[in-house]
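**Student:** With the input below, show me the fold.
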Amino acid sequence: MRHLLLPCLFLIAGLAQAAEPAPAVRVNGTAIPASRLESLLKVVLNQGGKDSPELRQQIRGQLIAHELLRQAAVKKKLQNDPLVAAAREEAGTRAMIERYVALNVKPESVSEKAVHERYESIVSDLGEQEYKLSLIAVASESEARTLIKQIEQNEATFAALASKHSQLASGKGGGALDWLSFRTPAVEGKTAGLPLPVAQAIAKLSKPAPGTLLADPIAGADRYWIVRVDEVRATQVPDYEAVAPGLRRLLETQALERASASLMEGLVASARIE
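**Tutor:** Reported below is the predicted structural model:
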């Protein structure tokens with residue numbers, strides 16, 4: 001929980017200062033409104049925290065710490081420091097821009113029908129089996145073959161080589177991917193994010209044993225892929241109710257991105273940029 005609270009210290013200064021009849025706390029006579037505690041609590045809850053008396057007490061401590069630091073800085077007249085003034089101006093500009101975007105970006109609402117259609121689209125692309133894979137992607141075939149040989153001869157683990165050599169973001173986690181599924185025969189654009197040659201090679205395997213390492217690297221997407229099939233199972237289609245909230249958030253994010261892009265396109269089109 002502490003890692004969720006630490007950023008709050010830097011958010012406090014930007015929260016509203018509206019007076020309230022019942023402050024959350026007073027620090028050297030300065031009232032800290034209860035609304036600031038509630039605002040910070042909302043931030044933590046949105047990041048996955050759970051409301052509890054202990055959490056509220058920690059946030060209260062953050063508020064007190066911030067106010068004590070603010071008062072100490074004022075005593076040193078740091079409000080007049082040039083760096084502070086520059087930061088204040090930057091923060092004000094950022095707040096103004098954020099307010100403009102909030103008022104002018106109008107994303108389309110996401111209907112229940114749209115969420116259900118996205119669910120059906122995803123389910124329709126699932127195959128009969130799903131795979132748990134580990135991947136390493138490198139720039140050359142020779143490097144890929146060298147790494148495969150090291151794995152086969154137990155000179156290094158797949159995870160260690162993935163962490164050191166893979167060009168994929170999954171390399172940091174040892175190359176392991178989440179479960180994925182795709183219809184066969186595999187076609188471009190419907191391979192659960194895998195390069196088509198990789199998906200085709202996996203689909204050709206007949207009941208691979210857990211931990212099966214493909215003997216040869218696969219060329220695709222300007223890389224050479226080392227593939228290990230960790231597990232195979234019958235595809236487990238998730239219930240709509242279980243995944244609908246996540247799909248809705250995804251569609252809302254996409255709608256927001258489209259609306260933001262449209263706003264920027266309009267501003268650029270009407271601007272004189274030299």
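**Student:** residue boundaries of the strands in the chain?
**Tutor:** Shown for the chain, the strands assigned by DSSP state E span residues 25-27, 30-32, 129-138, 180-181, 212-213, 218-220, 223-234.
**Student:** Determine which stretch of the ones you listed is the most buried.
**Tutor:** strand 129-138 (a mean of 22; mean count of other C-beta atoms under 10 Å). C-beta: built from backbone N, CA, C; applies to glycine.
**Student:** That one to strand 223-234, inter-axis angle?
**Tutor:** Put simply, strand 129-138 runs at 160 degrees to strand 223-234, going by axes from the mean of the first three to the mean of the last three C-alpha atoms, to 10 degrees.
**Student:** Need the residues that contact strand 129-138.
**Tutor:** Applying C-beta atoms under 8 Å, 6 or more residues apart in numbering, the contact partners of strand 129-138 are 144, 147, 158-159, 161-162, 165-168, 170-171, 174-181, 198, 202, 217, 221, 223-236.
**Student:** Return the alpha-carbon coordinates of it using PDB.
**Tutor:** Provided in PDB are the C-alpha atoms of strand 129-138 (Å, rounded to 0.1, in the frame of the first residue of the first chain):
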ATOM      1  CA  GLN A 129      -6.600 -24.700 -28.100                       C
ATOM      2  CA  GLU A 130      -4.800 -22.000 -26.200                       C
ATOM      3  CA  TYR A 131      -1.100 -21.800 -25.600                       C
ATOM      4  CA  LYS A 132       1.200 -20.600 -22.900                       C
ATOM      5  CA  LEU A 133       4.400 -19.600 -24.700                       C
ATOM      6  CA  SER A 134       7.800 -18.200 -23.900                       C
ATOM      7  CA  LEU A 135       9.500 -16.200 -26.700                       C
ATOM      8  CA  ILE A 136      12.900 -14.600 -27.400                       C
ATOM      9  CA  ALA A 137      13.300 -12.300 -30.400                       C
ATOM     10  CA  VAL A 138      16.700 -11.400 -31.700                       C
END
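**Student:** any idea how far that strand is from the chain center?
**Tutor:** From the chain centre to the centre of strand 129-138 is a distance of 21 Å (C-alpha atoms, centre = their mean, to the nearest Å).
**Student:** Equivalent analysis for stretch 100-119, please.
**Tutor:** 19 Å.
**Student:** Now do the buried residues in it.
**Tutor:** Under the neighbour-count criterion of 16 or more other C-beta atoms under 10 Å, stretch 100-119 has 105, 107, 110, 114-115, 118-119 buried.
**Student:** average model confidence for that stretch?
**Tutor:** Averaged across stretch 100-119, pLDDT comes to 95.
**Student:** Out of the buried residues of stretch 100-119, flag the one nearest to residue 274.
**Tutor:** residue 105 (26.7 Å; C-beta to C-beta).
**Student:** ok, now which ones touch the closest residue to that closest one other than its chain neighbours?
**Tutor:** Nearest residue to residue 105 in three dimensions, chain neighbours excluded: residue 259, at 4.8 Å (C-beta to C-beta, 6 or more residues apart in numbering). By C-beta under 8 Å, 6+ apart, the residues touching residue 259 are 105-108.
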